[in-house]
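>>> Pasting the sequence and the predicted coordinates here, then a few questions.
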Amino acid sequence: MLKRSMDLIKENNADIVALVAAKEAPFRASHWLIHFADHHPLEEVAFSPAFIDAEVLGSSPVR
């Protein structure tokens, strides 16, 4: 099942990228993984309500 899904993604990669790029509403999520160059490799942060990437980056403390 996973191999078939990965094959479909590879075959339709350009269409998937175009669909995501054409999306009108920005992607919102309640959990994000953020990389800080001078800190832990990845830090999970949670937001409620869900944030878009610009809001996440704007709310993160400068390290």
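Perfect, I can see it now.

>>> Give me the average confidence score over stretch 31-41.
For stretch 31-41, mean pLDDT is 77.

>>> Check which residues of that stretch are buried.
Neighbour-count burial for stretch 31-41 flags Trp32 (criterion: 16 or more other C-beta atoms under 10 Å). C-beta here means a position set from N, CA and C on the backbone, and glycine is covered the same way.

>>> ok, and what's touching it?
Stretch 31-41 is touched from outside by 42-47, 51, 53, 56, 60, 63, with contacts defined as C-beta atoms under 8 Å, 6 or more residues apart in numbering.

>>> Now the lengthiest strand in the chain: buried residues?
Looking across the chain with DSSP state E, the single longest strand is strand 43-51. Buried residues in strand 43-51, counted by 16+ other C-beta under 10 Å: Phe51.

>>> After that strand, which helix or strand is next?
Once strand 43-51 ends, the next helix or strand along the chain (criterion: DSSP states H and E) is helix 53-59.

>>> roughly how far is that next one from the heart of the chain?
Helix 53-59 sits 12 Å away from the centroid of its parent chain (C-alpha atoms, centre = their mean, to the nearest Å).

>>> so what secondary structure elements neighbour that helix?
Counting contacts by 3 or more C-beta pairs under 8 Å, 6 or more residues apart in numbering; DSSP states H and E, helix 53-59 packs against strand 29-34, strand 43-51.

>>> Take the ones you listed and lay them out in TSV including distance to Lys10.
What follows is the helices and strands packed on helix 53-59, written out as TSV (distance: least, C-beta to C-beta, whole Å):
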stretch	distance to Lys10
strand 29-34	24
strand 43-51	28
